[in-house]
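Undergrad: Provide a 3D model corresponding to the input given below.
(2 chains)
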Amino acid sequence: RKEVEQDPGPFNVPEGATVAFNCTYSNSASQSFFWYRQDCRKEPKLLMSVYSSGNEDGRFTAQLNRASQYISLLIRDSKLSDSATYLCVVGHPNAGKSTFGDGTTLTVKP
Amino acid sequence: NAGVTQTPKFQVLKTGQSMTLQCAQDMNHNSMYWYRQDPGMGLRLIYYSASEGTTDKGEVPNGYNVSRLNKREFSLRLESAAPSQTSVYFCASSGRPPVGEQFFGPGTRLTVL
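TA: Below is the predicted model:
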């Protein structure tokens, strides 16, 4: 079993749709959580950090459930420009490193 | 402020050749990382350096060596390239405890024939 697992995707949605991505992690000692966005053949960039209280940034909402070891990302009112691969990332302070999920690809169509 | 820079951007090697990928950051970050990303796959950690003077193996270290030359620079060396090392290589740095936000370089696209 992979340490960080994401929905396999791909997700193909029309503009304006709401789409949710899920991610589970196996290491209960993990302490930091992020969603990154990666455009085709480009470097990953931080989309948002994920906190236990949940956080929202415009059309994007991230949630963390430590008990279930589960992270989610909700995108509302999808735009064509949201088309990308979304990576779930889990940080392990004791190990001094992070683990990336394989990513979920989103295509938003007109 | 360039962030994280990588050289070269593209490289083609023959099996058995060696090369060094260079990475530098100007954000005064303590931690630096090397990842590889194969087509359609996620990032896999090769080596990382939590601070100047230390390096540790990641998930896929075989066939690679690293050097944390100073706080700014972290190089990755392929001593004898193999076709299985064809990939995109990303360097990243992080300023907070090594599980904070990571900033990535633009990547090096390596093909081994």
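Undergrad: now do the residue nearest in space to the middle of chain B against chain A, distance only.
TA: Geometric centre of chain B, nearest residue: B:W34, 2.9 Å, by Cα atoms, centre = their mean. The spacing between B:W34 and chain A, counted by Cβ to the nearest Cβ, to the nearest Å, is 11 Å. (Glycine included, C-beta is placed from N, CA and C.)
Undergrad: OK, contacts around the nearest residue in space to A:D82 that is not next to it in sequence?
TA: For A:D82, ignoring the flanking residues on the chain, the nearest one in space by Cβ to Cβ, 6 or more residues apart in numbering or on different chains is A:V108 at 5.2 Å. The contact partners of A:V108, taken as Cβ atoms under 8 Å, 6 or more residues apart in numbering or on different chains, are A:V13, A:P14, A:E15, A:A17, A:S78, A:K79, A:L80, A:S81, A:D82, A:S83.
Undergrad: nearest to chain B, of those residues?
TA: Nearest to chain B among these is A:S83, at 16.1 Å by Cβ to the nearest Cβ.
Undergrad: what residues are up against the closest one?
TA: Taking Cβ under 8 Å, 6+ apart, one finds A:L106, A:T107, A:V108 in contact with A:S83.
Undergrad: state the pLDDT value of it.
TA: Per-residue confidence for A:S83 comes out at a pLDDT of 97.
Undergrad: where does chain B have low pLDDT?
TA: Low-confidence regions of chain B, defined by pLDDT under 70, span residues B:96-99.
Undergrad: run through the residues of it sitting next to chain A.
TA: Listed as neighbours of chain A in chain B under the rule Cβ under 8 Å from any Cβ of the partner chain: B:31, B:33, B:35, B:41-45, B:48, B:50, B:56, B:58, B:88, B:90, B:97-102, B:104-107.
Undergrad: circling back: which element is the residue nearest to the centre of chain B on?
TA: strand B:31-37 (DSSP states H and E).
Undergrad: show me what the helix or strand hosting A:L64 is packed up against.
TA: A:L64 is located in strand A:60-65, with elements delineated by DSSP H and E. Counting contacts by 3 or more Cβ pairs under 8 Å, 6 or more residues apart in numbering or on different chains; DSSP states H and E, strand A:60-65 is packed against strand A:32-38, strand A:45-50, strand A:55-57, strand A:70-75.
Undergrad: gap between it and the chain center?
TA: Centroid separation between strand A:60-65 and its chain, computed with Cα atoms, centre = their mean, to the nearest Å, is 9 Å.
Undergrad: quick one, the helix or strand hosting B:V88 and strand A:32-38 angle?
TA: Taking DSSP H and E as the criterion, B:V88 maps to strand B:87-94. If you take axes from the mean of the first three to the mean of the last three Cα atoms, to 10 degrees, strand B:87-94 sits at 140 degrees to strand A:32-38.
Undergrad: what's the first helix or strand after strand B:87-94?
TA: Moving toward the C-terminus from strand B:87-94, the next helix or strand (DSSP H and E) is strand B:103-104.
Undergrad: give the partner strands of that following strand in its sheet and their orientations.
TA: When sheet partners are counted by DSSP bridges, strand B:103-104 sits next to strand B:87-94 (antiparallel).
Undergrad: what about the strand it pairs with, distance to the chain center?
TA: When C-alpha coordinates are averaged (Cα atoms, centre = their mean), strand B:87-94 and its chain have centres 5 Å apart.
Undergrad: got the buried residues for that strand?
TA: Within strand B:87-94, the residues that count as buried by 16 or more other Cβ atoms under 10 Å in any protein chain shown are B:S87, B:V88, B:Y89, B:F90, B:C91, B:A92, B:S93, B:S94.
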